Structure formats: structure tokens, C-alpha cells
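Colleague: after the sequence you'll find the predicted model.
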Amino acid sequence: MTIRNIPLIAVSYNSAELVSDLLTTFRKYYDNPVYLIDGSEASRYADIEKVVSAFHGVQCIHFEHNIHHGPGMAWAIENLPLAGRVLFLDSDIYVLYRGFLESLDSVLQPGMYGVGRINHVNEEGFDVEYTEGAIPYLHPACMLCNVEVMRQWPMPTRHGAPMIEPMKAIQTSKATQLLGHVPWLENDFRPESQKIFLRHDWRGTVLRSGTYHLDEWMGNAKELAAFQRGVLGCVPPAAKRVVHLSSGSGGLLRAYKQTYPDSHCTGVYADRLACSLAESSCDVLVEVADVAALASVDLDALGAADCWILEDLLECIADPWDFLRRLRKVMPATATVVAYVPNVQHWMMLAKLAIGDFRYAQVELLRKSQLRFFSRLTLLETFQECGFRITGGFPRIHPGIDNEAFVQVAAQLAALAGGNAGTAAQDARAIGIVVSAMPGA
């Protein structure tokens, strides 16, 4: 494949002006085939169609909904007749000089995933200053990729950082050598720099069209940060030794270590990505084969701890009662356990039951890995039955997942069943429950 045969993929939404600028500046130097994946509203698409018709070799694939950047790239990768090297550019890129594609092509080797600007992000896709334990992230604003290799990894997704899923998978597989960093992109992506090849107006689509639907991602990230602060607030300030057991992320322990760098932290995980990301935060890191192995882990061997954090664990093991009783035996009277589980009493679960839609999926409330279900009341009872006394806790309420009509239906059902409607309404708003406890007398 020669340079001139490398296809360009761009995803657009509601901005004919940006599309015009991208195609005009790209066509000034390159005659390559172009695929525009467009999800513009009907009222805006006519203008985009008019722009595209003025350029040769440009094919516009229009969707009657905002397909979003990640799914747009994924659709192109999976459905277009692409082979070999493929160039991806944001729709708000301006090509200032010839040579950028040749430079990228000189770095991309056979078998690599792609090259471009590599920065480092956390699990949520936000930029971080540290590199150890962070995820190397190939930025899709400008990247040249081997499409056959891309198809071997998870596809880009609807996300503020659309490449986060393939990048996490590459990190988990310890295959970051598949990514290549191109230094001049670091320069060209800085707002006030003297450009070498490109200009990138960050979030140009947002500024031109009014929105690119990033609010959901930002809201989720803010909610997660608030949740982590709440959980860590349940950890006694005097705790020096903390053990974190989780079937999923190691983010909580990393956040704790950043706040208390002198603490001794042990992470026990059944997830390779969690191990990879938590490695720099753990004084002791234990990777087990699966969730069943988490349930049977030798608690004595983990050493004395001031606090045990159980995240996404109790609902995923066959006998959480046995686990808690074993934990109670190894905990000194002054130690604390903090646990988080999804809330089966959330209004969304009630709504799903009402229509028979009790399907497992990779979502917070009904994951395929769940074996047990807890409400706030039954979670508290479980700890008490296993020899603990409750010392605190809080409901996890996501402001972006709200439906007051269903909440009030839950309250009415509780009243009909002889329960407290107000308490039921509060419980129906929580997607999860955090409880802290200490060994009972």
C-alpha cells in the first residue's frame, strides 16, 4: 500500500464548516480516499452533503442519529472494505503542511496497533500526570493504524475517551509495544505551539454544534469520584494497613494510596487489568484465578489489617456468609470492614421485574458475575448475622439515573405491603450500598 492509497476515516456531527475545513486542508496535500461517518441531525445533514459533494473521492455514510465518535470509528472498522493502514482524524483537524502522513507511516510497523500521540489516562479515560500504573492511550484525533490488528482488540466505544476499551485491553495483555508515540503530535496538540503539520481545535465540534453529548461521560466520572471519596471516608483515618479485595477495579486502593502514601496497601484481584493498574499502589499485590478463588483466599496469609475494603465481591461469591464469618475471625476488635454491593431495590430493578426483563448484562445492577442480591436491609442483616456491628455507610445515588415516577411507585408498593413508603423511596434511589462495620462483642 502506498501513501496515497491510505484511506482517511473521520466522524462528524452537525458541523458542515468543520467538515469543509478538514476536507479542504487535507485535499490541498493528499488525494487519498476519504470516508466520512456522519450522525448529524436531518436539518444539518443537507449542508454536510453539499460540502462533501464538492470533493472527489469522499464517501459520506450518514446515520439518522448521532452515532458518536467511538461507535462511528467502530462501524467503519467493522463494515468498510478496509485493509492495511488506515488514517483516523478528528473532524476539527486542519492540515497545515504536507508530510504528517509520511511521518506517521514511517513509525507504523507491521503488526503494530497504531501510532500517534500517546498520553496516559486512568481507568475512566481522564489524563493523569503519572505513568506507572496508568494506561497508555493512543489519541484518536490523529492516528495511523493497522486495521487488521485493530479488529483483534475491543472496538472504540461511546465514551469521552473512545479508545479506552482497546487501550485497557492492550495494557492488560502487556502489549503496549503495539503502540507508537509520534513526538511532533505532542507539539501540534498544544494550543499555543508553533505547529509542525496540524492544528487541532480541541472540542471544535462542541463549540460549533453546541454539544457532542460528553455530559454523560463527565457526569459518570464525577459520580465515580464522589463515590470513591465516600468509601474512603469510611476508612478510619488511623488505618495504617489496608486490604482491598475486588472482582473488578483497583481504583479505590490507588485513590487511598495517593491520599495516604505511607499506608501499607494489599490488593487482591481476580482481574488482570485491575492488577496491572494497581501494581504501583500496592505494597503487596495478589492476583487470583477467578472470583471463586477470591472467596476462598487465605485471609490469615494476607496479614493483620486495620481496614478491609470489599468492593464488588459479596454479590459475586456463592457463600458471602462464610466469607464474612472467616473475615470476622481474623479481624482484631479495632479493625473495620467497608463493603460495597449493588442495590437490588433500585427502581430500575423493580421496573425490569415488572416487564419480565430480568436479563444479566455488563451493567452495575445486574452483572453476569452476580450470584447474590442484597437490599440495604438484607445487607445490614448479613453483617450482623456474621458477627459484626454496623458503624456507618451510605447509599450510592447516581444523579444521572433518576426517575421519580418509578421511585414513587416503589413507595406505593411498600405502603401496600405494610412497609414505610418514605424509606422505600430512599432505598429505590440508590444504585448501590456502602456499609462499614466492626467486629461485634
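Modeller: That came through, no problem. Residues are numbered from 1 along each chain as shown.
Colleague: next, count neighbours for the nearest residue to Asn420 once chain neighbours are set aside.
Modeller: Counting by CB to CB, 6 or more residues apart in numbering, Asn420 lies nearest to Ala414, which is 6.5 Å off, once chain neighbours are set aside. Any C-beta I mention is one placed from the backbone N, CA and C, and that applies to glycine too. Per other CB atoms under 10 Å, the neighbour tally for Ala414 reads 19.
Colleague: mind listing what Ala414 touches?
Modeller: By CB atoms under 8 Å, 6 or more residues apart in numbering, the contact set of Ala414 is 420-421, 423-425.
Colleague: could you do Glu49 as well?
Modeller: Neighbouring residues of Glu49 by CB under 8 Å, 6+ apart: 60, 62.
Colleague: after whichever strand or helix holds it comes which helix or strand?
Modeller: Per DSSP states H and E: Glu49 is located in helix 42-53. Sequence-wise, the next helix or strand downstream of helix 42-53 (DSSP H and E) is strand 58-62.
Colleague: same question for the helix or strand immediately after that following strand in the chain: list its buried residues.
Modeller: Later in the chain than strand 58-62, the nearest helix or strand by DSSP H and E is helix 69-79. If you call a residue buried by 16 or more other CB atoms under 10 Å, then helix 69-79 has these buried ones: 69-77.
Colleague: over to stretch 97-108?
Modeller: In stretch 97-108, counting by 16+ other CB under 10 Å, buried: 100-101, 103-105, 108.
Colleague: ok, now stretch 393-409?
Modeller: 393-398, 401, 406-407, 409.
Colleague: please apply the same query to stretch 367-380.
Modeller: Buried residues in stretch 367-380, counting neighbours by 16+ other CB under 10 Å, are found at 367, 370, 372-376, 379-380.
Colleague: among those residues, which are in helices?
Modeller: Secondary structure from DSSP state H places 376, 379-380 of the buried residues of stretch 367-380 in helices.
Colleague: show the pLDDT at Tyr13.
Modeller: Predicted confidence (pLDDT) at Tyr13: the value is 89.
Colleague: let me fix that: Glu132
Modeller: 76.
Colleague: enumerate every residue touching it.
Modeller: Applying CB under 8 Å, 6+ apart, the residues near Glu132 are 279-280.
Colleague: so is it in a helix, a strand, or just coil?
Modeller: Put simply, Glu132 is coil when judged by DSSP: H, G, I helix; E, B strand; the rest coil.
Colleague: which positions within the helix holding Glu49 qualify as buried?
Modeller: Applying 16+ other CB under 10 Å to helix 42-53 flags 44-45, 47-49, 51-52 as buried.
Colleague: centre-most residue in this structure?
Modeller: The centre of the chain sits closest to Glu124, judged by CA atoms, centre = their mean, with a distance of 4.2 Å.
Colleague: for it, grab phi and psi.
Modeller: When read as degrees, to the nearest 10, the backbone of Glu124 gives phi -90, psi -10.
Colleague: wait, doesn't it sit right on Leu224?
Modeller: Yes - assessed by CB atoms under 8 Å, Glu124 is found in contact with Leu224 at 6.3 Å.
Colleague: A helix includes Arg229, no?
Modeller: Yes - assigned with three-state DSSP, Arg229 falls within a helix.
Colleague: and stretch 173-180, how far from the chain's centre?
Modeller: In terms of CA atoms, centre = their mean, to the nearest Å, the centre of stretch 173-180 is found 19 Å from the chain centre.
Colleague: average pLDDT across it?
Modeller: 94.
Colleague: what does stretch 308-325 give?
Modeller: Here the average pLDDT along stretch 308-325 is 95.
Colleague: could you give me the buried positions within that stretch?
Modeller: 308-317, 320, 323-324.
Colleague: may I have it exported as CSV, CA atoms only?
Modeller: In CSV, the C-alpha atoms belonging to stretch 308-325 read as follows (Å, rounded to 0.1, in the frame of the first residue of the first chain):
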residue,chain,number,x,y,z
TRP,A,308,-10.7,-4.4,54.8
ILE,A,309,-12.4,-3.0,51.7
LEU,A,310,-14.7,-5.4,49.9
GLU,A,311,-15.7,-4.0,46.5
ASP,A,312,-17.9,-5.9,44.0
LEU,A,313,-17.2,-9.1,46.0
LEU,A,314,-20.0,-10.2,48.2
GLU,A,315,-22.6,-10.3,45.4
CYS,A,316,-20.2,-12.4,43.2
ILE,A,317,-19.4,-15.3,45.5
ALA,A,318,-21.5,-18.3,46.3
ASP,A,319,-21.3,-18.0,50.1
PRO,A,320,-20.8,-14.4,51.3
TRP,A,321,-21.9,-15.5,54.8
ASP,A,322,-19.0,-18.0,55.1
PHE,A,323,-16.6,-15.4,53.8
LEU,A,324,-17.7,-12.7,56.3
ARG,A,325,-17.5,-15.2,59.2
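Colleague: how far does it sit from its chain's centre?
Modeller: With CA atoms, centre = their mean, you get 24 Å for stretch 308-325.
Colleague: and the nearest residue to Cys386 once chain neighbours are set aside, what helix or strand is that in?
Modeller: Of all residues not flanking Cys386 in the chain, Leu324 sits nearest, at 3.8 Å (CB to CB, 6+ apart). If you go by DSSP H and E, Leu324 is part of helix 320-330.
Colleague: which is the succeeding secondary structure element to that helix?
Modeller: Helix 320-330 is succeeded, C-terminally, by strand 336-342 (DSSP H and E).
Colleague: what's the following helix or strand after that following strand?
Modeller: Past strand 336-342, the next helix or strand by DSSP H and E is helix 347-354.
Colleague: could you check the angle strand 336-342 makes with that next one?
Modeller: 40 degrees (axes from the mean of the first three to the mean of the last three CA atoms, to 10 degrees).
Colleague: contacts for helix 347-354, please.
Modeller: Contacts for helix 347-354 (CB under 8 Å, 6+ apart): 343, 358-359, 365-366, 401, 403, 406-407, 409-410, 413, 428-429, 431.
Colleague: likewise for stretch 368-387?
Modeller: 247, 291, 314-318, 320-321, 324-325, 328, 339, 341-345, 360-362, 390, 395, 427, 430, 433, 435, 437, 439-440.
Colleague: just the CA coordinates for that stretch, please, in PDB.
Modeller: C-alpha atoms of stretch 368-387 as PDB (Å, rounded to 0.1, in the frame of the first residue of the first chain):
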ATOM      1  CA  LYS A 368     -23.400 -11.700  34.700                       C
ATOM      2  CA  SER A 369     -20.900 -12.300  37.600                       C
ATOM      3  CA  GLN A 370     -23.500 -11.700  40.300                       C
ATOM      4  CA  LEU A 371     -24.700 -14.700  42.300                       C
ATOM      5  CA  ARG A 372     -26.300 -12.900  45.300                       C
ATOM      6  CA  PHE A 373     -28.500  -9.900  45.600                       C
ATOM      7  CA  PHE A 374     -28.800  -7.500  48.500                       C
ATOM      8  CA  SER A 375     -31.100  -4.700  49.600                       C
ATOM      9  CA  ARG A 376     -30.000  -2.200  52.200                       C
ATOM     10  CA  LEU A 377     -31.900  -4.200  54.900                       C
ATOM     11  CA  THR A 378     -30.600  -7.600  53.900                       C
ATOM     12  CA  LEU A 379     -27.000  -6.400  53.600                       C
ATOM     13  CA  LEU A 380     -27.100  -5.000  57.200                       C
ATOM     14  CA  GLU A 381     -28.700  -8.200  58.400                       C
ATOM     15  CA  THR A 382     -26.000 -10.200  56.700                       C
ATOM     16  CA  PHE A 383     -23.200  -8.400  58.500                       C
ATOM     17  CA  GLN A 384     -25.000  -8.700  61.800                       C
ATOM     18  CA  GLU A 385     -25.600 -12.400  61.400                       C
ATOM     19  CA  CYS A 386     -21.900 -12.900  60.700                       C
ATOM     20  CA  GLY A 387     -20.800 -11.200  64.000                       C
END
